[in-house]
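[1] After the sequence you'll find the predicted model.
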Amino acid sequence: MSSVTTSTSSAAPRRAMLTDPGYQAFVILRVGFTVAPILFGLDKFANLLVDWPAYLAPWIDDLVPGSAQAAMYAVGAIEIVAGLAVALAPRFGGWLVAGWLAGIIVNLLTILGHYDIALRDFGLLLGAVALARLAQRYQAEQRP
């Protein structure tokens, strides 16, 4: 009998949390920053969406060993790991994605004609920071 009372009392705060706009924003950002990096990371191996090596600044291509496509394989692996980090530990993963996006922005700002993509990625960086900050609050509330 007490288990019914316990489950009812624990369901009320959960229901209240699901109606909280801040928590809803946290979930939306967490899902988005989990799925997008994983999908884009996987595409670095297939180049279905875009020719990814074209987005690697020549000076970075000169620094990394191997071809630009080989560098994109490493980028893809890092992006997959970043997406998994957001899924498992969004307080850390949000900052990881934000840092990664900062590096991408620097890369894009050094390629003529990619400033619009750098600006879009700056918006994504702000979203990743918001995710990390929201995770600070909502992950702490979920712990007993």
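    Yes, it's here. Just so we're clear, the structure is a prediction, and the values are computed from it rather than from any experiment. Residues are numbered from 1 along each chain as shown.
[2] And the residue most central in space within the chain, how far from residue 13?
    With distances taken as C-alpha atoms, centre = their mean, residue 33 lies nearest the centre of the chain, 3.3 Å away. Here the criterion is C-beta to C-beta, to the nearest Å. By it, residue 33 lies 25 Å from residue 13. Glycine gets a C-beta too; all of them are placed from N, C-alpha and C.
[3] buried ones in the helix or strand where residue 92 lies?
    For residue 92, the enclosing helix or strand under DSSP states H and E is helix 90-109. Of the residues in helix 90-109, those buried by neighbour count under the rule 16 or more other C-beta atoms under 10 Å are 90-91, 93-98, 100-101, 104-105, 107-109.
[4] Looks like residue 129 contacts residue 99 (just checking).
    No. Look at residue 129 against residue 99 with C-beta atoms under 8 Å: they stay out of range, at 10.0 Å.
[5] ok so, going back, report all helices and strands that the helix holding residue 92 contacts.
    In terms of contacts (3 or more C-beta pairs under 8 Å, 6 or more residues apart in numbering; DSSP states H and E), helix 90-109 is packed against helix 21-46, helix 68-88, helix 115-142.
[6] how about these, which one is nearest residue 56?
    helix 68-88 (4.7 Å; C-beta to C-beta).
[7] what comes into contact with the closest one?
    Residues outside helix 68-88 that contact it (C-beta atoms under 8 Å, 6 or more residues apart in numbering): 30, 33-38, 40-45, 47, 52-53, 56, 60-61, 64, 92-94, 96-97, 100, 131.
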